[in-house]
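**Q** quick one, what's the 3D model for this:
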Amino acid sequence: MPAFRLSHILLLVCSFISLQANTQDTTSVNPMRLSATYGSKGFELTTADNRFRLQLQSRLQFRFATPQDRHPVTFEDFDQPASHVLKNNRARLKVGGHGYKPWLKYYWEYDVAGGNLLDFRIMIEKWEWLRLKVGQWKIEYSMERVISSGRQQMVGRSILNRAFTIDRQQGVELYGHLNGSGALDFSYWAAVLTGTGRSSNQNDDTNLMYFGRFQWNMFGREYKFSGSDIETLEKPIAMIALAGVTNRGSFTRFSSAGGGHLEGFETQFPGQFQLNQINLESAFKYKGFSWQSELHNKEIIDFNAGGASTSVQGYYAQAGYFFHNLINWWPAPLELAVRQAGDHPNTFESAVDQRETSFGVNWFFSGHNNKLTLEVSNFEYENMAMETQEEWRLRVQWDISF
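**A** This is a model prediction of the structure:
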């Protein structure tokens, strides 16, 4: 795929605005006349007949970290020299809306700092129970990964993300919300994908990735992918979901950079690895309290090693609460959060048990669109010889969208 530049996207946006602004109509009410508003998805330009809508939002994320920013992966990572990290961690441009019909939607997300087109997709959402998506997006396998980094409770995702995320893939998906009576409320996703990661529009062999997710919305309302109960919901909302994915290819892990490998699987040949993953997760929100959890199992079959099978397990549980609901003097925008995660990569010689405990403090100036987060994390790894390494990390992050 040819590289997309920021200038190309800005040119398209400006062309849209110019085209709509200069369209003439002889009727008393010009159906192409633009109205401009600002909402949760940024600046919005909408034609009078509602056939076209353009949403434009920019996002910046500034981060300080010490003694390092990334999660330790191996024992050697604990011995790296300490340093202070101060960086613009993310700079994104988001473009979305609909065209021709309100149910024909589109979305792009451009990584300005890295020069990458992260998301591009078209969604046909005429019916709530049956929708279609085509393009590239973060697969709905794990809520922790699907939730935008700007809408998380912590500065970043847990140690599980590296080993278990399916991340962005290209393909086609059917999904919908089956709005039944009371507890008979379900959501589903089913996709066929290339299975080779971001910006890879063809497979490395004849195999495809298959993904499915079934979600029970137990209180009769669809649970969206979001963290923190910033609305202080007066009615509880919760879900339990089971997701699975299978893929044969050359990769054993994925990230925002595309396909990669886990430690111990450095050799990569087309069709070498069969990945079978399953995830059981839960989430709950009510009156300022929020909860989310995931339980993962990942099987890696190496056909270059005679079909040897490796199992990797992991879990995390996370909760947050706005204590002003209990304590009058507690500031309303202040949330406390805690996370416990464990990763058990059985075959990795570098570690057999990895644990993370993190504490977070959020101050919401304007919801998730403008917030300040402080996070303190403890990492403890144990290797095959029962030796342990431990490290504390401090991170402070300001995430703001316009």
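
**Q** where does pLDDT dip in the chain?
**A** The chain contains residues with pLDDT under 70 at 1-29, 32, 346-351.

**Q** for the residue nearest the centre of it, give me phi and psi.
**A** Closest residue to the average C-alpha location of the chain: Val146 at 2.6 Å, with CA atoms, centre = their mean. Phi and psi for Val146, reported as degrees, to the nearest 10, are phi -70, psi -40.

**Q** ranges for the helices of this protein?
**A** Using DSSP state H, the helices of the chain run over residues 6-22, 143-146, 160-164.

**Q** for the second one, which outside residues touch it?
**A** Under the criterion CB atoms under 8 Å, 6 or more residues apart in numbering, residues 138-140, 152, 157-158, 160-161, 165-167, 225, 241, 281, 283, 292, 294, 316 lie in contact with helix 143-146. (Glycine included, C-beta is placed from N, CA and C.)

**Q** rerun that using 10 Å as the cut-off
**A** Residues external to helix 143-146 that are found in contact with it (CB atoms under 10 Å, 6 or more residues apart in numbering): 137-140, 152-154, 157-158, 160-161, 164-168, 213, 215, 223-227, 239, 241, 243, 254-256, 279, 281-283, 292-294, 316, 318, 339, 341.

**Q** flag every buried residue along that helix.
**A** Met143, Glu144, Arg145, Val146 (16 or more other CB atoms under 10 Å).

**Q** ok, stretch 256-273 next?
**A** So for stretch 256-273, counting by 16+ other CB under 10 Å, buried means Ser256, Gly258, Gly259, Leu262, Glu263, Phe265, Gln268, Gln272, Phe273.

**Q** stretch 234-252 now?
**A** Using 16+ other CB under 10 Å as the test for burial, stretch 234-252 gives 237-241, 243-252.

**Q** ok, now stretch 35-53?
**A** Lys41, Gly42, Glu44, Leu45, Thr46, Thr47, Phe52, Arg53.

**Q** for Asp167, see how far away Asp399 is.
**A** Note on Asp399: its distance to Asp167, by CB to CB, to the nearest Å, is 20 Å.

**Q** before we move on, the earlier item: just the buried residues of the contacts of helix 143-146.
**A** 137-140, 152-154, 157-158, 160-161, 164-168, 213, 215, 223, 225-227, 239, 241, 243, 254-256, 279, 281-283, 292-294, 316, 318, 339, 341.

**Q** touching, Gly260 and Phe273? I think so.
**A** No. With contact defined as CB atoms under 10 Å, Gly260 and Phe273 do not form a contacting pair (11.8 Å).

**Q** mutual contacts of those two, please.
**A** By CB under 10 Å, 6+ apart, Gly260 and Phe273 have these common neighbours: Phe251, Thr252.

**Q** Tyr107 touches Gln55, doesn't it?
**A** Yes. At 8.7 Å, Tyr107 and Gln55 qualify as touching, with contact defined as CB under 10 Å.

**Q** overlap in contacts, the two.
**A** Common neighbours of Tyr107 and Gln55, counting by CB under 10 Å, 6+ apart, are Lys41, Lys94, Val95, Gly96, Gly97, His98.

**Q** take the residues you listed and keep only those in strands.
**A** Those of the shared contacts of Tyr107 and Gln55 mapping onto strands are Lys94, Val95, Gly96, Gly97, His98, per DSSP state E.
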